[in-house]
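> Give me a 3D structure for the following:
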Amino acid sequence: MTSDANLNELGQFLKLRRAELSPRTVGLPDTGGRRVPGLRREEVALLASISTDYYTRLEQGRIQPSVSVLAALAQVLRLADDQRDHLFELVGRRSARPRRRAAPKVHAQLRRLLDDLTVSPGVVIGRRMDILAWNPLASALLTDFEKVPEDKRNCVRILFTEPSMRTLCADWRAAARGCVSHLRMTAAASPDDPRLTGLVGELSVQDKDFGRWWGSGHVASRGRGMKRFHHPLVGELVLDRDTFTCGSDPDQELVVWTAEPGTPSYDGLRALASGASGRLGGPAADQVDWPDGLIRPR
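Sure, this is the predicted structure:
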């Protein structure tokens, strides 16, 4: 049984470390107006997916945390290996350091399929909805993924933090809520995933809708469906979305948006594809034969 003295020392350690971090350090907006430097208790609690009351009692030395809570706090507070070990030792636990895994690489079969898509935007996503690969048309339709830092290339994060997504997606709220539901189902299968915990905590603090939808407990898987886009270059696009799971690696999925040939949306995708190829060394956008009624890029 952990002594009261150790629990009090644990509380002091958490408070000191919390005071050393700024909101920007953990990916939160700095709204100012802080009477004391460092993170607030409620911010640490949200990032660690625990209640503020529970975290407050931890800092007061009143309760002994579980291993999963310690692991989440070590991640949130950006502890070095020796600090993490000390945190666990204070409550008589052995620190099981997480193995450093290399960033997942897109499966070769999915990469080939993606490269063969010329008039259909496509992305390959991983288990946490991280974006592992994309084709030029996906960048032209959604956002320039190359400009997004690798550790921020996540479908849910981009949907909630990129302002252009709220105008691009005709029904942004439905799309965003669906992503939250899918992410929750993923989190239920991986409750001790620190990166997933960090993502949920970060978005819960940044966006009240995310926090409310996450708290609703709704889960859902993604499959096929119709999506409407208001694209700044080609106008309205009505696209079918389909998701294909890699047989060799079920954690990776290919998401493809298609349009029925002969429709204005199909012509819009063709025009967008021509413009994308121009940026990659093909014909310049002003040389593309844009279908009538579509807005040409400037």
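> Could I get the full set of helices for the chain?
4-20, 41-47, 52-59, 67-76, 81-90, 108-116, 136-141, 155-161, 165-168, 172-189, 194-206, 208-215, 264-279 (DSSP state H).
> Figure out which of the ones you listed is closest to G225.
helix 172-189 (8.4 Å; C-beta to C-beta). The C-beta positions use only the backbone N, C-alpha and C, and glycine is treated the same way.
> tilt between that closest one and helix 208-215?
Using axes from the mean of the first three to the mean of the last three C-alpha atoms, to 10 degrees, the inter-axis angle of helix 172-189 relative to helix 208-215 is 40 degrees.
> residues of helix 172-189 that come out buried?
Residues A175, A176, R177, G178, C179, V180, S181, H182, L183, R184, T186, A187 are the ones in helix 172-189 that count as buried (16 or more other C-beta atoms under 10 Å).
> contacts for it?
For helix 172-189, contacts defined as C-beta atoms under 8 Å, 6 or more residues apart in numbering pick out 127-129, 155-156, 159-160, 165-166, 169, 193, 196-197, 199-200, 209-210, 213-214, 217-222, 227.
> From these, list the buried ones, please.
Buried members of the contacts of helix 172-189, counted by 16+ other C-beta under 10 Å: 127-129, 155-156, 159-160, 165, 169, 193, 196-197, 199-200, 210, 213-214, 222.
> Adding distance to L254 as columns, could you present the helices of the chain in a markdown table?
Listed next are those as a markdown table, based on distance: least, C-beta to C-beta, whole Å:
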| stretch | distance to L254 |
| --- | --- |
| helix 4-20 | 41 |
| helix 41-47 | 31 |
| helix 52-59 | 40 |
| helix 67-76 | 30 |
| helix 81-90 | 37 |
| helix 108-116 | 5 |
| helix 136-141 | 11 |
| helix 155-161 | 13 |
| helix 165-168 | 21 |
| helix 172-189 | 16 |
| helix 194-206 | 21 |
| helix 208-215 | 26 |
| helix 264-279 | 17 |
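> Distance to H231 and mean pLDDT for these - can I get that in CSV?
Formatted as CSV, the helices of the chain follow (distance: least, C-beta to C-beta, whole Å; pLDDT from 0 to 100):
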stretch, distance to H231, mean pLDDT
helix 4-20, 44, 87
helix 41-47, 34, 89
helix 52-59, 42, 93
helix 67-76, 38, 87
helix 81-90, 46, 82
helix 108-116, 21, 90
helix 136-141, 7, 95
helix 155-161, 16, 96
helix 165-168, 7, 96
helix 172-189, 14, 87
helix 194-206, 25, 83
helix 208-215, 24, 86
helix 264-279, 7, 85
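> L237 is nearest to which of these?
The closest of these to L237 is helix 264-279. By C-beta to C-beta, the value is 4.7 Å.
> Give the other helices and strands that the closest one contacts.
helix 136-141, strand 235-245 (3 or more C-beta pairs under 8 Å, 6 or more residues apart in numbering; DSSP states H and E).
> what are the phi and psi values for V119?
phi -120, psi 20 (degrees, to the nearest 10).
> Report the separation between L73 and E42.
L73 sits 14 Å away from E42, going by C-beta to C-beta, to the nearest Å.
> Next, work out how far apart the closest residue to G198 other than its chain neighbours and D207 are.
Once flanking residues are discounted, G198 sits nearest to Q75: 5.7 Å by C-beta to C-beta, 6 or more residues apart in numbering. As judged by C-beta to C-beta, Q75 and D207 stand 20 Å apart.
> neighbour-wise, which of the two wins?
Remark: of Q75 and D207, Q75 carries more neighbours, 20 against 17, as counted by other C-beta atoms under 10 Å.
> That one and L199 touch, don't they?
No: between Q75 and L199 there is no contact, the gap being 10.7 Å when judged by C-beta atoms under 8 Å.
> follow-up on the earlier one: from the helices and strands packed on helix 264-279, which stretch is densest packed?
Neighbour counts (mean count of other C-beta atoms under 10 Å) averaged over each of those peak at helix 136-141, with a mean of 22.
> No further questions, thank you.
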